[in-house]
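Undergrad: My questions are about this predicted structure, shown below with the sequence.
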Amino acid sequence: MKGLALMKHIAKWVSAFVLEMTYKMFVRPFLDFGDLIFHNQKTDMMDKLESIQYQAAFIVSNCWYGTSQARLYKELGWESLAERRTFRRLAHYYKILSNKTPPYLKEHIKPLPQNSTNRYRNSFFPFCQNLWETLSDEIRNSTSIGQFKSRYKKAFFPTKKSLFLVSDWFGTRLLVKLRVQFSDLRSHRFRHRFNCSSSCCKCNTGEETTEHYLLWCPLFSTQRNDLLTSLSTILNNDTNPFSDEDLSKLLLYGNNAYDNATNKLILEATIKFIKSTKRFVKLEAFNQDGNAPPTDPPPPTSP
């Protein structure tokens with residue numbers, strides 16, 4: 001928790017990259033310590049540990065409290081601590097099988113007894129023995145621990161959603177809130193029951209979803225024309241062939257079909273549109289009840 005306090009203190013002056021490295025270097029090692037032993041034991045304690053990483057994700061992303069943990073981790077490319085503990089267990093088990101640990105450890109790999117307790121089945125060796133057989137041959141037959149880790153992460157861990165080195169910190173924070181579907185847009189707040197009685201947009205032509213805001217809301221027609229003109233220039237192609245869903249994804253995430261420089265220009269054009277609409281300059285969530293939006297979650301009980 002002291003590490004999270006440090007992250008909150010420096011968040012106004014440093015990039016998300018620095019905040020993420022601060023978490024991974026100075027906070028997460030404490031959560032990893034001894035995890036080969038305690039993984040998958042008392043559920044409430046596991047949840048308390050996960051809540052610390054969840055708070056760190058809010059600080060790094062500047063998203064609002066209540067954002068879906070799955071969407072937030074997917075955006076940051078973070079595995080849950082439970083997934084991380086499983087990976088660390090299997091990596092150590094690989095080293096035991098590969099004779100890269102003291103020989104006496106391998107002696108504990110024995111057939112599992114019948115009618116064993118859940119606590120025993122969740123302990124290191126039974127847990128790893130059961131899970132090892134579910135891995136693909138490619139992962140199990142890795143020739144080095146580095147190769148094992150690389151193949152396992154590729155198969156099971158999320159890939160970070162890139163911002164393609166866009167340097168506009170404030171703009172990228174607005175963009176990320178749209179990506180994780182919890183911003184000041186009414187459909188987002190209505191779904192989260194956050195100071196919103198209706199998801200209908202001010203224009204009264206439909207729900208104020210991300211797609212509506214980016215592509216259809218008549219309140220921002222002028223800004224949208226500039227956006228689509230910029231996008232056509234960047235892609236050297238007309239945007240008409242894109243479906244609404246594909247165009248919305250392109251504006252939010254870019255596309256792997258294009259190089260990093262092109263994707264950076266796409267995201268910068270989207271951020272310019274977001275800023276020019278001034279939709280998020282005066283937050284409705286803030287103005288309805290006089291309370292600041294929930295940028296930071298309340299502190300959990302220390303495990």
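TA: Nice, thanks for sending it over.
Undergrad: Could you find the closest non-adjacent residue to residue 75?
TA: residue 161 (5.1 Å; Cβ to Cβ, 6 or more residues apart in numbering). (Glycine included, C-beta is placed from N, CA and C.)
Undergrad: Secondary structure class of that neighbour, three-state.
TA: coil (DSSP: H, G, I helix; E, B strand; the rest coil).
Undergrad: Tell me how many other residues surround it.
TA: 15 (other Cβ atoms under 10 Å).
Undergrad: ok, it touching residue 74?
TA: Yes. The criterion here is Cβ atoms under 8 Å, and residue 161 meets it with residue 74 at 7.1 Å.
Undergrad: Okay, residue 128 and residue 39: tell me how far apart.
TA: 10 Å (Cβ to Cβ, to the nearest Å).
Undergrad: Can you check which residues contact both of the two?
TA: Residues touching both residue 128 and residue 39 (Cβ atoms under 8 Å, 6 or more residues apart in numbering) are residue 89.
Undergrad: what stretches of this protein score poorly on pLDDT?
TA: Applying pLDDT under 70 to the chain flags residues 288-303.
Undergrad: what's around the residue nearest to residue 66 when sequence neighbours are not counted, how many residues?
TA: In space, and not counting its chain neighbours, residue 66 is closest to residue 192: 5.2 Å by Cβ to Cβ, 6+ apart. Other residues near residue 192 number 18, with proximity taken as other Cβ under 10 Å.
Undergrad: In this structure residue 192 contacts residue 181, no?
TA: No. Judged on Cβ under 8 Å, residue 192 makes no contact with residue 181 at a distance of 9.1 Å.
Undergrad: Please enumerate the shared neighbours of these two.
TA: If you check residue 192 and residue 181 against Cβ under 8 Å, 6+ apart, no residue is contacted by both.
Undergrad: Can you tell me the centre-most residue of this protein?
TA: residue 73 (2.3 Å; Cα atoms, centre = their mean).
Undergrad: That one contacts residue 79, doesn't it?
TA: Yes. Under the criterion of Cβ under 8 Å, residue 73 makes contact with residue 79 at 7.1 Å.
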